[in-house]
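Engineer: What follows is a predicted structure for the sequence shown.
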Protein chains: 2
Amino acid sequence: MELFTYYRSTSSYRVRIALALKGLDYQAVPVNLLKGEQRAAAFLAINPQGRVPALRTDDGQLLVQSSAIIEYLDEAYPHPSLLPSSAEQRATVRGVAAVIGCDIHPLHNVSVLNQLRQLGHDEAQVTQWIGHWIGQGLAAVEQLIGDRGFSLGGTPGLADLYLVPQVYAAERFNVDLSGYPRILRVAALAAQHPAFVQAHPAHQPDTPVQ
Amino acid sequence: MELFTYYRSTSSYRVRIALALKGLDYQAVPVNLLKGEQRAAAFLAINPQGRVPALRTDDGQLLVQSSAIIEYLDEAYPHPSLLPSSAEQRATVRGVAAVIGCDIHPLHNVSVLNQLRQLGHDEAQVTQWIGHWIGQGLAAVEQLIGDRGFSLGGTPGLADLYLVPQVYAAERFNVDLSGYPRILRVAALAAQHPAFVQAHPAHQPDTPVQ
């Protein structure tokens, strides 16, 4: 498999955690978003949306959108599973993932922040915008997750693939997380977990040398 | 089942199409977003995020986020299926749904538009913002879907549950769709399909009388 990725992209980070948890080998193909490589014709042929991540499967099929890629990995490589077995529990886990994947992250991705800058907002206003959506979304997540272990169970699952990269983004944007003890507990567990460490933005082939 | 819904909410509309395609009975519980009922304590006890849709299952479990609810319905009530059988094809369909569900709709939901107004933008700028994200996202969808039948097959599936409500929203916001003939073809098919008609915002218990 080939993963088109950017070290700091939170949606690429999700997919990397899934790959690491399942112990799957893949070739990382870095796409430098700062240099605009996602808008080059070569990459638009891979993903017409011009975004990472994208996955080329072993059959050569190109898949886009982290949620779809992660569900694919869980169906094609079912062990360990990222979802519980009952339909209702699966929906609970997917609900937490979707709060983050649909109602937090899309509001602070780079294209949205650039659009705000084009509308004349300065960096203080952009930072306030980011904090507003991350704070509002994580307040809901804090209520939806459990009070021990990973987000919704003793072992990491789909919700954690979303939550841990979202915490990384929140810290990068200096959002105060002290009001979310459950979320901080999950982040602390992940910081010690080999798959989450392997997938971390600090440890990618395209991570800039300090 | 009980569906907490608002007639014009595109994410509620998605779930209503799924219920109608599967021929499932449910009780619609309208939540009037214009009156702020989603922020009332009674509703926050149902969904701490204060958003529709939410589903109370026959077992009394509360589920949130349209994508999680639709996957639940497809697992608990598998016929007719909303997804193809192969993992790669399922990912392709889920990818189109996620472009709409994560990268278009969240950027023009009511809370984001109100935030823009609070930042001092007038209605012309808000309308331009909406058109920017819908146009950019639907341009990708146009390339990702097929050139006959519904979005990715002869029968309606998950991608159509997302696309048809998104077209409804685009038309409501006067976005020009003439550059997307595939999308318009799907919308025209849906306009003739009983399940899509039943789920349409014009035909809900809380639809305002003209």
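Structural biologist: All right, it came through fine.
Engineer: Domain map for chain A?
Structural biologist: Per the record, chain A has its domains at A:2-80, A:87-196, by automatic domain parsing.
Engineer: relative to helix B:110-118, how tilted is the helix or strand of chain A with the lowest mean pLDDT?
Structural biologist: Least confident helix or strand, chain A: helix A:110-118 with a mean of 94, by mean pLDDT, DSSP states H and E. Comparing the axes of helix A:110-118 and helix B:110-118 via axes from the mean of the first three to the mean of the last three CA atoms, to 10 degrees yields an angle of 20 degrees.
Engineer: Please identify the buried residues of the helix or strand following helix A:110-118?
Structural biologist: Downstream of helix A:110-118, the first helix or strand assigned by DSSP states H and E is helix A:123-144. Of all the residues in helix A:123-144, those buried under the rule 16 or more other CB atoms under 10 Å in any protein chain shown are A:126-127, A:129-138, A:140-142, A:144. Every C-beta, even on glycine, is put in place using the N, C-alpha and C of the backbone.
Engineer: rewinding a little: export the domains of chain A as JSON lines, with columns for distance to chain B.
Structural biologist: Listed next are these as JSON lines, based on distance: least, CB to the nearest CB, whole Å:
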{"stretch": "domain A:2-80", "distance to chain B": "4"}
{"stretch": "domain A:87-196", "distance to chain B": "4"}
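Engineer: Between those, which one is closest to residue B:166.
Structural biologist: Closest approach to residue B:166 among the domains of chain A is made by domain A:87-196 (13.3 Å; CB to CB).
Engineer: how long is the closest one end to end?
Structural biologist: 26 Å (CA to CA, to the nearest Å).
Engineer: For residue A:31, give its distance to residue B:96.
Structural biologist: Counting by CB to CB, to the nearest Å, the separation of residue A:31 from residue B:96 is 21 Å.
Engineer: Please identify which of those two sits among more neighbours.
Structural biologist: Neighbour totals were compared for residue A:31 and residue B:96, and residue A:31 leads with 27 against 24 (other CB atoms under 10 Å in any protein chain shown).
Engineer: Who are the contact partners of the more buried one?
Structural biologist: Shown in contact with residue A:31 (CB atoms under 8 Å, 6 or more residues apart in numbering or on different chains): A:4-6, A:37-38, A:43, A:52.
Engineer: How about residue A:206?
Structural biologist: A:5-7, A:28, A:30, A:32.
Engineer: May I have the phi/psi pair for the residue sitting furthest away from the middle of chain A?
Structural biologist: No residue in chain A has its C-alpha farther from the mean C-alpha position than residue A:120, which lies at 28.4 Å (CA atoms, centre = their mean). Dihedral angles of residue A:120 (phi, psi; degrees, to the nearest 10) stand at phi 100, psi 10.
Engineer: Next, residue A:47: secondary structure please.
Structural biologist: Under DSSP: H, G, I helix; E, B strand; the rest coil, residue A:47 falls in the coil class.
Engineer: Return the per-residue confidence for it.
Structural biologist: Looking at residue A:47, its pLDDT is 96.
Engineer: And the one 10 residues further on, by the same measure?
Structural biologist: As predicted, residue A:57 sits at a pLDDT of 98.
Engineer: burial count for it?
Structural biologist: As a measure of burial, residue A:57 has 17 neighbours, counting by other CB under 10 Å.
Engineer: How about the contacts made by it?
Structural biologist: Going by CB under 8 Å, 6+ apart, residue A:57 touches A:1, A:63, A:72, A:76, B:88.
Engineer: and the gap between it and residue B:23?
Structural biologist: To residue B:23, residue A:57 is 34 Å away according to CB to CB.
Engineer: again with residue A:80
Structural biologist: Counting by CB to CB, the gap from residue A:80 to residue B:23 is 36 Å.
Engineer: Which one's more surrounded, these two?
Structural biologist: It is residue A:80, of residue A:80 and residue B:23, that has more neighbours when counted by other CB under 10 Å, with 13 against 10.
Engineer: isn't that one right up against residue A:21?
Structural biologist: Yes - under the criterion of CB atoms under 8 Å, residue A:80 makes contact with residue A:21 at 6.4 Å.
Engineer: residue contacts, the nearest residue to residue A:110 once chain neighbours are set aside?
Structural biologist: Excluding its sequence neighbours, the residue lying closest to residue A:110 (CB to CB, 6 or more residues apart in numbering or on different chains) is residue A:33, at 6.3 Å. Contact partners of residue A:33, counting by CB under 8 Å, 6+ apart, are A:6, A:9, A:52, A:110.
Engineer: Hmm, the first one is touching residue A:54, no?
Structural biologist: No - using CB under 8 Å as the test, residue A:6 is too far from residue A:54 to be in contact (11.0 Å).
Engineer: Which parts of chain A are strands?
Structural biologist: A:2-5, A:27-30, A:54-56, A:62-64 (DSSP state E).
Engineer: For the last one, which outside residues touch it?
Structural biologist: Meaning strand A:62-64. Contacts of strand A:62-64 (CB under 8 Å, 6+ apart): A:46-47, A:49, A:51, A:53-57, A:69, A:72, B:88, B:91-92, B:95, B:99, B:144.
Engineer: What of the first one?
Structural biologist: Where contact means CB under 8 Å, 6+ apart, the residues beyond strand A:2-5 that reach it are A:12, A:15-16, A:19, A:26-31, A:43, A:46-47, A:52-56, A:204, A:206.
Engineer: Ok, stretch A:73-92 next?
Structural biologist: A:15, A:18-19, A:21-22, A:24, A:57, A:70, A:93-94, A:144, A:152-153, A:155, A:157-158, A:161, B:57, B:59, B:61, B:63, B:68-69, B:71-72, B:75-76, B:87-88, B:90.
Engineer: Make a PyMOL selection of the buried ones in those.
Structural biologist: To isolate the buried members of the contacts of stretch A:73-92 in PyMOL, using 16+ other CB under 10 Å:
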select buried, (chain A and resi 15+18+19+21+22+57+70+93+94+144+152+153+157+158+161) or (chain B and resi 57+63+68+69+71+72+76+87+88+90)
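Engineer: Cool, thanks, signing off.
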